[in-house]
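Asker: quick one: sequence and predicted model below, then my questions.
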Amino acid sequence: MKIRIRKKNKGKGRLRRLLAAVLMSALLAGHIPIPAHAYAEQEYLCHYTQPGGIDKYTYTLDDALIACYNNPRGGMIELLKDCDINIPDYIMYKTIKSNTSLVIREGVTLTINSPGMEINGKITVFGTLDMQNSKGILTGNGTVEVISSGKYLKKEYQIEKTGDTSLSAREITYGQRLGDTWIPEECVEWRSPIEGEWKFVNPDLVPQAGERKYDVVFQPKHTLTYDPKIFPASGKVTVRQAVPKRELYIAPTLHYGQNLLDVRPEYRFISPINSEEVPGEFTYETENWSAENLGEQTVMSVFTPNDNNYSAVRQYVKVNVVPTEPEIQAYPQARSRGSYGQTLEDIALLGGKCTNPYNGTEVGGKWEWKDPSERLKLGEHTYTALFVPEKSGYEMREEPVTVTTLPKVMEDISWPESSAITYGESLSESELSFTKNEYGTFAWADEREKPDVKNKGARVVFTPADTEIYDWSRLAGYREEDKTVTFTIPIQVMPLTGVLPKLSAGDLQEGQTLEQSPLQAEYGSASGAGIVMWQEPEKVVTESGNQTALFLPDDSDNYNWSFYEPDALGRIAMPVYVEVHKKEIPPTASPSVSPSASASPSAPAVPSASSAPFQSATDSPVPLPTASGSNAAPDGLSTLDSAGIDSPVIVTRMADKRSTIRKSKPKALSAKSRVKKIIRRGGRAKLICRKVKKLRYEVEYSRSRKGKASKKKRFSKPSFTIKGLSAGKKYYFRVRVWKTVNGQRAYGKWSGRKKG
């Protein structure tokens, strides 16, 4: 190894060493870049300085690494040119000590090959530290700082995901942090090509009870070479509920025969984590237990916390049973439920028994309402009942009696009528005979709907003004979700006067038939599609002029074609102009042509290719007979022997006698919806989808993740309910938007499936 050292006079050498030491200290402390003009020789690979005034240039990085490794005070190494470090494993100076720094100058690239380097010091990058193209790796506890436009390219790696998509961690109890659990190696099925460990991104988070997923990070062992990778919601943690502790309980007093439901003891439960009070509900497990004995009794109680992070507590507690002086042995009850609009006089009282408070003998009498003319209030309310004794020796006794009053059942209502509209108009053009009465309002279910002439009626939505005092559930079409009634009323739709299409025909050669001229139709926006055909397709045409075509409309229900006097089959005659080209006369044969090549005197003239008639893209070619004998052309086409050369043969495709005109399929919609939320209740599922203005919704649901045996339903609002599902079973839902364009449905793309 050759090292070139610049020689200077003694005074300047001391000054230079002093300046180098100052620059090295500044670099180590404040990262001050050294300008390019400070280097003495640009042909050297690196330059290093050490405490004590050592300042050298060298052609190899090994010399600088050896010097700084052997010096207890380390040093600073500046890399001046691109370098590929490749130091054998048994060499010790491959380690950059903590008091040594390596500076990669601007425009310089450093790569590290096998087996790598250990960095316990600091690397300052003005150029490029390229670990992507390095075979070796960087290890150690050092740091890398990128300055200005410097680049630090770490190695890339991929983690192979196999098995479960979640990484399962050890169970913890509510109150512990994510840092208190870990992901065991046997639970990790995601394989990494490098060494590292799985950790939670937020170890200080205290998770809620239950099973949830949190962000995890793969932390490489060698962070100087590889970047950590974060996987959102990929760490599954099961958090057990904490068990609250009972801090206070005062045994309540229970009267003889009193139900435990009437007792509300004083109690307090606290958290075992922070000793704070845990709110919850305290009940007795045996709700219908009645005291049969006096004194202290033991019963089972249940404390159910309001916070799901705590589990319920079942404990035996004490209650004190004391004597009571019963006055009423059996309370009167209302015989039936009331209906809105009735009075107490319509409700009979049953039962009720009073006894002597001293000897227990029954007191004769009857129960009646204190004010029988009092009107019933909607819901569950109490009213005053009087016990009227038979004997004058007893006083009357007042007791409250509960009566449940239900809304008045409505089984019939008058529906509005609709005015007639013309086909193509929406329901918004039809007026209802009335839109409001004393019970509510009426409106079209979808005023944008355009019914056909032969429709089955239009849907009207009745919105009750009051659903509290009136019960509309018995009306057909009642929806509990929005408490509306949807019904169908007849509507008269007048047919639209049909507009004939504009017909055009292809040109013909003289002597051809009409079936060789394809018909084309151009429709306006106010007419239906149909079929066009020639009245006499086999007719030979010799001159240009109008020919009779027939138009058979597809839609004779919604359009009125009687103005055009259709025939018994519904066809309408229309004149179509056909251009006929005269046949070209073939030229006479040249006298210099060989007799063997002359044509037969009776050979017909063949039209030129330029005079070929209009051809439809759907027509099938008509094969021509192949000439026989030695004069047949190789490709089966006939020749004109009298001309001495092959004459062009026109191969045309015959036009169909009938051409069907169909409306084009509408383009797909660019708008897209998605299922935002699913609320399951038994066999029902309420879906809340992303709203898209002026569009409707179609939902597909299935028990299969792939949509097998799926069902579809259409709705006009982004929030709707699907009934008839299997309770307790999971379904997969997806949605798309749609609207009607020219009588056909145009759809948007399906959303992703959502489980619910």
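Answerer: On my side now, so go ahead. Small disclaimer: the values here were computed from a predicted structure and weren't measured. Numbering: from 1, shown residues only.

Asker: doesn't Gln50 make contact with Arg73?
Answerer: Yes - using C-beta atoms under 8 Å, Arg73 makes contact with Gln50 at a distance of 6.7 Å. The C-beta positions use only the backbone N, C-alpha and C, and glycine is treated the same way.

Asker: of the two, who's got more company?
Answerer: A count of neighbours by other C-beta atoms under 10 Å puts Gln50 above the other of Arg73 and Gln50, at 23 against 12.

Asker: so the nearest residue to that one once chain neighbours are set aside versus Thr143, what's the distance?
Answerer: Distances taken as C-beta to C-beta, 6 or more residues apart in numbering put Gly75 closest to Gln50, at 3.7 Å, once the chain neighbours are dropped. Counting by C-beta to C-beta, to the nearest Å, the separation of Gly75 from Thr143 is 17 Å.

Asker: what pairs with the helix or strand hosting Phe303, and is each one parallel or antiparallel?
Answerer: Taking DSSP states H and E as the criterion, Phe303 maps to strand 295-305. Here strand 295-305 has these sheet partners by DSSP bridges: strand 280-284 (antiparallel), strand 313-322 (antiparallel).

Asker: helix or strand next in line after the last one, which one?
Answerer: Helices and strands here follow DSSP H and E; after strand 313-322, the next one along the chain is strand 328-334.

Asker: thinking again about what came up before, okay, the strands paired with strand 295-305 in TSV with distance to Val239, mean neighbour count and mean pLDDT next?
Answerer: Output for the strands paired with strand 295-305, formatted as TSV (distance: least, C-beta to C-beta, whole Å; neighbours: other C-beta atoms under 10 Å; pLDDT from 0 to 100):
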stretch	distance to Val239	mean neighbour count	mean pLDDT
strand 280-284	19	16	87
strand 313-322	18	15	84
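
Asker: looking at these, which is closest to Leu519?
Answerer: Between Leu519 and those, the tightest spacing by C-beta to C-beta is seen for strand 280-284, at 82.3 Å.

Asker: before we move on, the earlier item: redo the strands paired with strand 295-305 as JSON lines? Include distance to Gln509.
Answerer: Below are the strands paired with strand 295-305 laid out as JSON lines (distance: least, C-beta to C-beta, whole Å):
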{"stretch": "strand 280-284", "distance to Gln509": "97"}
{"stretch": "strand 313-322", "distance to Gln509": "102"}
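
Asker: surely Glu106 and Phe126 touch.
Answerer: Yes - assessed by C-beta under 8 Å, Glu106 is found in contact with Phe126 at 4.3 Å.

Asker: which one of the two has more residues nearby?
Answerer: Applying other C-beta under 10 Å to Glu106 and Phe126 shows that Phe126 carries more neighbours, namely 21 against 14.

Asker: how far away is the more buried one from Gln509?
Answerer: 84 Å.

Asker: ok, Thr488 next?
Answerer: According to C-beta to C-beta, Thr488 stands 60 Å off from Gln509.

Asker: who's more crowded, the two?
Answerer: Gln509 (19 against 15).

Asker: buried stuff in stretch 84-96?
Answerer: 85, 87, 93-96 (16 or more other C-beta atoms under 10 Å).

Asker: ok, now stretch 382-390?
Answerer: 383, 385-387.

Asker: what does stretch 339-351 give?
Answerer: 339-340, 344, 347, 349.

Asker: can you check stretch 694-712 too?
Answerer: Judged by neighbour count (16+ other C-beta under 10 Å), stretch 694-712 contains these buried residues: 695-702, 710.

Asker: thought His381 was touching Pro400?
Answerer: No - using C-beta under 8 Å, His381 makes no contact with Pro400, being 9.5 Å away.

Asker: more neighbours: the two, which one.
Answerer: His381 (14 against 10).

Asker: residues touching the more buried one, list them.
Answerer: For His381, the contact set (C-beta atoms under 8 Å, 6 or more residues apart in numbering) comprises 402-403, 405.

Asker: would you mind measuring from the residue positioned nearest the centre of the chain to Lys754?
Answerer: What sits nearest the mean C-alpha location of the chain, by C-alpha atoms, centre = their mean, is Arg674, with 4.1 Å. Distance, Arg674 to Lys754, by C-beta to C-beta: 8 Å.

Asker: same check, this time on Tyr470
Answerer: 37 Å.

Asker: also Gly121?
Answerer: 54 Å.

Asker: could you do Pro332 as well?
Answerer: Taking C-beta to C-beta, one finds Pro332 at 54 Å from Lys754.

Asker: compare those two (neighbour count), which wins?
Answerer: Using other C-beta under 10 Å as the criterion, Pro332 and Lys754 rank with Pro332 on top: 21 against 18.

Asker: for the more buried one, give its distance to Glu345.
Answerer: Taking C-beta to C-beta, one finds Pro332 at 15 Å from Glu345.

Asker: which stretches of the stretch 651-756 of the chain aren't confidently modelled?
Answerer: For the stretch 651-756 of the chain, the stretches with pLDDT under 70 are 651-664.

Asker: next, count neighbours for Ala727.
Answerer: With other C-beta under 10 Å as criterion, Ala727 counts 9.

Asker: if we can go back for a sec, looking at the strands paired with strand 295-305, spot the one closest to Asp215.
Answerer: When those are compared by C-beta to C-beta, strand 280-284 sits nearest Asp215, at 31.8 Å.

Asker: between the two ends of stretch 407-423, how far is it?
Answerer: 43 Å (C-alpha to C-alpha, to the nearest Å).

Asker: state the mean pLDDT of it.
Answerer: Averaged across stretch 407-423, pLDDT comes to 88.

Asker: next: stretch 529-544.
Answerer: Average pLDDT, stretch 529-544: 90.

Asker: and it, how far out from the chain's middle?
Answerer: 55 Å (C-alpha atoms, centre = their mean, to the nearest Å).

Asker: over to stretch 383-403?
Answerer: For stretch 383-403, the distance to the chain centre is 65 Å (C-alpha atoms, centre = their mean).

Asker: all further residue positions should be reported with the first residue as 21.
Answerer: Got it, the first residue is 21 from now on, which makes the last one we talked about stretch 403-423.

Asker: so Glu558 touches Glu535, yeah?
Answerer: Yes - applying C-beta under 8 Å, one finds Glu558 in contact with Glu535, separated by 6.4 Å.
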